[in-house]
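K.L.:
my questions are about this predicted structure, shown below with the sequence.
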Amino acid sequence: MIDPAVGLVAGAGALCLALSGPSGIVAAVLVIGGVLLGRRGRIVSDWTFAHLLALAAGGIVATTLGVVAGFALLLGWLAAHRAVVAEGASDQRVLLLLGALMALIGSVGTLSIGLAPILVVLTLATPVALLRVTGVREPGLERLAAAGTVALAATFFILVPRLQGGMLSAAGEPAAEDRFGDSVSLGDEQGDPDRDALVMRVRNYDRGGNALRGPLYLRGRALDHFDGRAWTRSGAVQRVAVGAWETRAEVLLEPLEGATVFGPPDLLYARSDQGPVLQGPEGELNHAHPGRRVSYEVFSRARPVDAVPDDRYDQLLQLPALDPRVSALAAGLAPGSDDAREIVGAAVGMFARDFRYELEPPRPTGDPLTWFLLDSRAGHCEYFASALAVVLRVRGVPARLATGFYSAELTDAGYLAVRRGHAHAWVEVPVTGGWAVVDATPVGDIPAPRVSWWQSAAEEVNSAWLELVLDYDLDQQIDAAAALGGRLVAVPTNDPIRARGKAGMAGAGLIFGAVLLSGTVLRGVLWWLSRPASAVREADELVRTFGAARRRVVSRGWALPPSLPPVAAGEWLVAEAGDDGRPLLGLAWVLYRSRYGGAPVPRDEVRELVSALRRLPRRPADD
């Protein structure tokens with residue numbers, strides 16, 4: 001029968017697999033069924049055919065869903081089979097090993113917060129199961145082993161740096177559709193039924209490290225060619241921002257199907273510990289590992305619309321054939337002025353005054369841009385941005401369409417929540433050293449995504465799991481040590497780098513000392529709990545006393561055969577030495593009664609017998 005602790009470890013490992021995907025769920029059902037059924041699940045005597053079927057199923061899953069999914073299914077089958085056929089301790093040890101492997105594969109396959117309680121159960125149950133399969137069943141020792149394992153796991157979590165990237169960057173998590181391709185077509189929009197789905201978490205800071213709480217534009221793609229209906233990329237405008245950075249955004253992007261990552265429009269550069277973030281010639285960002293959760297930093301600065309640089313960007317002035325009424329509308333904006341700021345201000349004012357936002361406008365009739373500007377005067381952000389870019393180009397102001405997100409949803413945890421419903425389009429105008437954002441959409445009229453309280457709470461918990469556990473890296477460990485050490489030692493206030501280093505060393509020393517002290521105390525407690533009971537110790541002491549008595553007899557010249565057991569040795573000495581040998585025989589009987597009969601050791605009698613044996617005469621020399 002499987003020990004409950006062993007079954008708990010196997011079941012917890014199976015639940016880890018279940019979080020990794022469909023094949024993991026099937027494997028978990030097999031394992032938990034095998035553990036619950038035990039020997040009752042032995043429906044066949046020869047498992048060869050069943051093993052072949054499982055191997056074939058694993059191969060099919062591996063070729064269709066991936067090697068990890070196929071391996072997970074095979075692991076589940078092996079664990080279920082072992083749980084059903086288990087006989088002795090060796091089978092249970094194999095089941096423990098399979099449970100650990102399932103937990104490892106499951107942890108690789110998902111970053112879900114559901115792992116947290118499962119891993120806690122594994123940490124508590126594994127040491128107990130290891131003790132039991134070795135034959136040790138001491139409740140006190142089991143509790144201490146579980147507590148010690150938790151303490152050791154917490155110590156490793158605090159002290160051992162985490163590796164970034166690799167398979168743990170969200171392998172196995174579903175990737176959302178990437179709607180930020182290289183084209184935007186007016187009139188062909190489709191509604192998004194999942195507007196409240198979280199896309200990324202953003203924390204924005206100024207150069208001094210102060211948190212910036214305001215709304216944020218996050219660009220994904222920039223499009224510069226317009227054919228009257230659709231915007232596309234021409235590849236002709238290769239212009240990126242230059243200069244010193246002013247803001248730093250920390251972005252945690254959820255898995256997306258495409259390689260697009262997002263950053264402020266006037267971005268300078270980006271970096272990530274999870275693989276390169278590549279910046280294209282038009283400032284767009286791409287990641288080397290699409291479909292995974294990505295954590296990265298973006299450095300940027302914001303620029304207002306000032307004098308348009310002298311560089312010629314013919315592509316940013318490209319226009320299709322337009323309705324003359326559209327050209328006339330544009331000509332009426334700041335008439336007679338060539339100042340880009342005046343023209344932009346007049347255009348934005350017109351849209352704010354005469355147009356309204358509508359998330360799902362009716363399908364346009366005829367030319368969608370003309371329909372929006374002259375007929376409906378209502379639409380969503382892609383209409384506003386397209387119309388603004390066109391009227392600016394008509395007036396000689398170079399412009400392009402940008403797509404990405406705009407969010408002002410600040411959470412209690414201090415980050416900006418960016419959702420699918422925050423998808424947005426705006427216009428970018430080239431200015432000295434970069435790009436300026438111009439947005440004609442009345443963003444205050446855009447309906448915010450509806451987020452229930454339970455979804456918001458779940459996101460807060462998941463955010464804490466990601467930041468405090470999965471993304472707890474070396475820098476955070478140093479900061480934690482420095483925060484602790486800063487309470488112990490005086491640090492220089494005029495040199496933050498030296499202060500952090502000195503406080504960090506002091507904190508690390510304190511932590512290391514606490515670990516050594518805890519290990520010493522734990523070892524002492526384990527020794528105390530594992531020492532023999534008092535009756536056993538007394539019996540062992542009596543064995544040593546009898547051994548010393550035998551050696552004294554031999555030292556007096558009596559050739560006591562070493563192979564004789566205690567009572568036989570006493571009888572031999574009585575036969576050879578007469579009554580002088582009776583103390584050894586009495587000591588042998590005391591030993592038998594205490595060791596095998598459970599009688600208490602009569603210490604006074606033992607002392608008297610030992611004292612009498614010291615008077616044993618030497619054996620007379622043979623004639």
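P.N.:
Received, thanks.

K.L.:
what comes into contact with the helix or strand in which Ala27 is found?
P.N.:
Assigned by DSSP states H and E, Ala27 belongs to helix 22-37. Helix 22-37 has contacts (C-beta atoms under 8 Å, 6 or more residues apart in numbering) with 2, 7, 10-11, 13-18, 41, 61, 65, 69-70, 72-73, 75-77, 79-84, 102, 105-106, 109. Where C-beta positions appear, they are placed from N, C-alpha and C, glycine not excepted.

K.L.:
at 6 Å what do you get?
P.N.:
7, 10-11, 14-15, 17-18, 41, 61, 69, 72-73, 76-77, 79-80, 83-84 (C-beta atoms under 6 Å, 6 or more residues apart in numbering).

K.L.:
export that helix as PDB, just CAs?
P.N.:
C-alpha atoms of helix 22-37 as PDB (Å, rounded to 0.1, in the frame of the first residue of the first chain):
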ATOM      1  CA  PRO A  22      -3.900  19.600 -21.900                       C
ATOM      2  CA  SER A  23      -1.400  16.700 -21.800                       C
ATOM      3  CA  GLY A  24      -0.500  17.600 -18.300                       C
ATOM      4  CA  ILE A  25      -4.200  17.400 -17.300                       C
ATOM      5  CA  VAL A  26      -4.400  13.900 -18.800                       C
ATOM      6  CA  ALA A  27      -1.300  12.900 -16.900                       C
ATOM      7  CA  ALA A  28      -2.600  14.300 -13.600                       C
ATOM      8  CA  VAL A  29      -5.800  12.300 -14.000                       C
ATOM      9  CA  LEU A  30      -3.800   9.100 -14.600                       C
ATOM     10  CA  VAL A  31      -1.600   9.700 -11.600                       C
ATOM     11  CA  ILE A  32      -4.300  10.700  -9.100                       C
ATOM     12  CA  GLY A  33      -6.400   7.800 -10.300                       C
ATOM     13  CA  GLY A  34      -3.500   5.400  -9.800                       C
ATOM     14  CA  VAL A  35      -2.800   6.700  -6.300                       C
ATOM     15  CA  LEU A  36      -6.400   6.500  -5.200                       C
ATOM     16  CA  LEU A  37      -7.000   3.000  -6.700                       C
END
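
K.L.:
quick one: the helix or strand just after that helix to chain centroid distance?
P.N.:
Downstream of helix 22-37, the next assigned helix or strand under DSSP H and E is helix 48-65. The chain centre lies 30 Å from the centre of helix 48-65; the measure is C-alpha atoms, centre = their mean, to the nearest Å.

K.L.:
could you list the residues in contact with helix 48-65?
P.N.:
Ser23, Ala69, Gly70, Leu73, Leu74, Trp77.

K.L.:
follow-up on the earlier one: list the buried residues of the helix holding Ala27.
P.N.:
Ser23, Gly24, Ile25, Val26, Ala27, Ala28, Leu30, Val31, Ile32, Gly34, Val35 (16 or more other C-beta atoms under 10 Å).

K.L.:
which residues touch Asp306?
P.N.:
Residues in contact with Asp306 (C-beta under 6 Å, 6+ apart) are Val431.

K.L.:
surely it is in a helix?
P.N.:
No - in this structure, Asp306 is coil, not part of a helix, as judged by DSSP: H, G, I helix; E, B strand; the rest coil.

K.L.:
need the per-residue pLDDT for it.
P.N.:
We have a pLDDT of 74 for Asp306.
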